[in-house]
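**Q** no sequence on this one, just coordinates:
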């Protein structure tokens, strides 16, 4: 492990109430300790997990629209709103890694084409591949040993089979690299021995896989989707 802890600088936030200081995250967290090489941030939309991940990317020196330390391109609204209010604790500090931001991946792929970096990503334009194929090309060719990899909702472009392929890549690198992943995917967060941090608890804390809403709702749906639909649509009767 490299990144051992994340601390919100609450004294620096004093008197602030606008976004991102209005997020539930601000009241639910002071210091978050990271105890595993693979950590998942989970929680409802608006809980602050992606905002925190983006701020960690900022603290790592990564491009906050997606990329590593050496990727420079402009994307509107890509600044890390919480970046200056975070302290990262390292042992040791590393500078190798990548931040995947699913919602701005198109801009990153354009940057790769414009700068002639396609060889780094398998020799084929990311734009010439399907969304899922381009994500896997990134994971396969850009992720290496001794790095920290921050992934914001990577399942957005991945079929269930390709989510499993990502888990294999994580497994191959996890002995020497660290992964922090914000996700809604019950497939991804089922990775063995990962730490799952719930942003829906107060304070933010680790939970078991089976305790997550993602697992429980998916299991209930798969086991008896008819009952789920009856409950969901009962107001229409």
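**A** Happy to help now that I have it. These figures come from a predicted structure and were not determined experimentally. Numbering: from 1, shown residues only.

**Q** check contacts around residue 50.
**A** By Cβ atoms under 8 Å, 6 or more residues apart in numbering, residue 50 lies in contact with 41, 152, 153, 182. Using the backbone N, CA and C atoms, a C-beta is placed for each residue, glycine as well.

**Q** And the furthest pair within those?
**A** Maximum pairwise distance in these, criterion Cβ to Cβ, is 10.0 Å, between 41 and 153.

**Q** Please enumerate the shared neighbours of these two.
**A** With contacts taken as Cβ under 8 Å, 6+ apart, residue 41 and residue 153 have 50, 182, 183 as neighbours in common.

**Q** what comes into contact with the lowest-mean-pLDDT helix or strand in the chain?
**A** Least confident element among the helices and strands of the chain, by mean pLDDT, DSSP states H and E: helix 105-114 (a mean of 81). Helix 105-114 is contacted by residues 63, 65-67, 71, 73, 75, 101, 117-118, 120-121, 125-127, 131, 134-135, 157 when judged by Cβ under 8 Å, 6+ apart.

**Q** What subset of these is buried?
**A** With neighbours counted by 16 or more other Cβ atoms under 10 Å, the contacts of helix 105-114 contain buried members at 63, 65-67, 71, 73, 75, 101, 118, 121, 126, 134-135, 157.

**Q** Any chance of those residues in TSV with secondary structure, pLDDT and distance to residue 200 as columns?
**A** Output for the buried ones among the contacts of helix 105-114, formatted as TSV (DSSP: H, G, I helix; E, B strand; the rest coil; pLDDT from 0 to 100; distance: Cβ to Cβ, whole Å):
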residue	secondary structure	pLDDT	distance to residue 200
63	coil	88	29
65	coil	83	27
66	coil	84	26
67	strand	84	30
71	coil	75	32
73	coil	64	34
75	coil	67	29
101	strand	88	22
118	helix	83	40
121	helix	75	35
126	helix	85	34
134	helix	89	31
135	helix	88	27
157	helix	90	25
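
**Q** Could you pull out the helices in this protein for me?
**A** Applying DSSP state H to the chain gives helices spanning 24-28, 49-60, 105-114, 131-142, 160-173, 213-223, 225-233.

**Q** Now do the buried residues in the shortest one.
**A** When burial is assessed from 16+ other Cβ under 10 Å, helix 24-28 yields the following buried residues: 24, 25, 26, 28.

**Q** That one - contacts with which helices or strands?
**A** Judged by 3 or more Cβ pairs under 8 Å, 6 or more residues apart in numbering; DSSP states H and E, helix 24-28 is in contact with helix 49-60.

**Q** Could I get the buried residue list for stretch 172-188?
**A** For stretch 172-188, the neighbour count (16+ other Cβ under 10 Å) marks 173-174, 177-188 as buried.

**Q** Tell me, how many residues neighbour the nearest residue to residue 154 once chain neighbours are set aside?
**A** Residue nearest to residue 154 in three dimensions, not counting chain neighbours: residue 100, with 5.9 Å by Cβ to Cβ, 6 or more residues apart in numbering. When neighbours are counted by other Cβ atoms under 10 Å, residue 100 registers 27.

**Q** For residue 100, give me its contacts.
**A** Listed by Cβ under 8 Å, 6+ apart, the contact partners of residue 100 are 66, 135, 138, 149, 150, 151, 152, 154.
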